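*Asks:* I'd like to go over a predicted model; first the sequence, then the structure.
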Amino acid sequence: GENVEQHPSTLSVQEGDSAVIKCTYSDSASNYFPWYKQELGKRPQLIIDIRSNVGEKKDQRIAVTLNKTAKHFSLHITETQPEDSAVYFCAVRPVGTSYGKLTFGQGTILTVHP
Amino acid sequence: ETGVTQSPTHLIKTRGQQVTLRCSSQSGHNTVSWYQQALGQGPQFIFQYYREEENGRGNFPPRFSGLQFPNYSSELNVNALELDDSALYLCASSTGLAGGYEQYFGPGTRLTVT
C-alpha cells in the first residue's frame, strides 16, 4: 500500500520566518495531495491541496509544490504568525482507490514564537 | 467550520462492549469516510460509504462496521472493544464520485476504552 513519510516531526520558527514541511510518497500513480492543519482538540482543516497535473499552487501565505518525478511534495508557509502554530498533516490519495481513502503522514508540530 | 457534525463528543466504554458513533455529512455531500486517529498520529482510513454502500476499506477488522442512510448520514459501529480502540474517530464528507476530491472533517468523537 501507499507509504507517506513526513518531515520534520517538529518545527520551531520565529514569527515572520518561513516554514517548510516535506512529504514523500511511494505510489507514483497517486494523484491528489492535500494538507491539513489540526489545532489542539479540533478537527483537521483542509488548508490547501494539489493535483498531480499541477506543479505548484498558492493561496496567500501558503503554497504547495509537487515533484512527481521525485515523489515528494512540500508545504510552504511564509510570514508565519503565532496562529499558524498547529499540527500539519500531509495526505495522499492513491489512484484506483476509493475517493475517500487518504493516507496521512505522521504530522509536523509547528510552533511559531512571537 | 465545515457542516459536518458528529455525536457524541466524548464516550467512555469498557473493554468488550459495543459502541455506535454518528456522523452527519455536509449539505450536498453524498460520501462519508471514517478515520481513526490515535494520539500523536495521523488519521487512518477505516472505510468509506457512497450511496449507502461500503466503497473501500482500510486495514481494520470486521468488528468495525458501518452504515449510511438515505440522507447520507452515517454510523460507525465497533464491537468487542479493545483498549487499543481508544482514539479520536473522525468522519469526513465529500462529493465523492460525482465531484472533487476534497474531504471535510467533522469535530470527531473521542472514545476511551477502559
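*Replies:* That came through fine. Residues are numbered from 1 along each chain as shown, chains lettered A, B, ... in the order given.
*Asks:* Neighbouring strands of the lowest-mean-pLDDT helix or strand in chain B in the sheet, and parallel or not?
*Replies:* Among the helices and strands of chain B, strand B:53-57 carries the lowest confidence by mean pLDDT, DSSP states H and E, at a mean of 88. Using DSSP bridges, the strands paired with strand B:53-57 in its sheet are strand B:44-50 (antiparallel).
*Asks:* tell me how far the strand it pairs with is from the chain's mean position?
*Replies:* How far strand B:44-50 lies from its chain's middle: 7 Å, per CA atoms, centre = their mean, to the nearest Å.
*Asks:* Kindly report the same for stretch B:46-62.
*Replies:* 10 Å.
*Asks:* what's the span of it from first residue to last?
*Replies:* 11 Å (CA to CA, to the nearest Å).
*Asks:* now do stretch A:67-86
*Replies:* 25 Å.
*Asks:* returning to what we had before: quick one: buried residues of the least confident helix or strand of chain B?
*Replies:* B:55, B:56, B:57 (16 or more other CB atoms under 10 Å in any protein chain shown). (Each C-beta comes from the backbone N, C-alpha and C, glycine too.)
*Asks:* go on, stretch B:84-92?
*Replies:* Quick answer for stretch B:84-92 (16+ other CB under 10 Å): B:85, B:86, B:87, B:88, B:89, B:90, B:91, B:92.
*Asks:* which residues does the fifth one contact?
*Replies:* Spelled out, it's residue B:89. Going by CB atoms under 8 Å, 6 or more residues apart in numbering or on different chains, residue B:89 touches B:6, B:21, B:34, B:35, B:36, B:37, B:76, B:108, B:109, B:110, B:111.
*Asks:* for the buried residues of strand B:53-57, which one is nearest residue A:63?
*Replies:* Of all the buried residues of strand B:53-57, residue B:56 has the smallest distance to residue A:63: 30.2 Å, by CB to CB.
*Asks:* Which residue ranges of the chain form strands?
*Replies:* Reading this off chain A. A:4-7, A:10-14, A:19-25, A:32-38, A:45-51, A:56-59, A:62-67, A:72-77, A:86-92, A:103-104, A:108-113 (DSSP state E).
*Asks:* oops, chain B please
*Replies:* Listed in chain order, the strands of chain B (DSSP E) span B:5-7, B:10-13, B:19-24, B:31-37, B:44-50, B:53-57, B:64-68, B:74-78, B:87-94, B:104-105, B:109-113.
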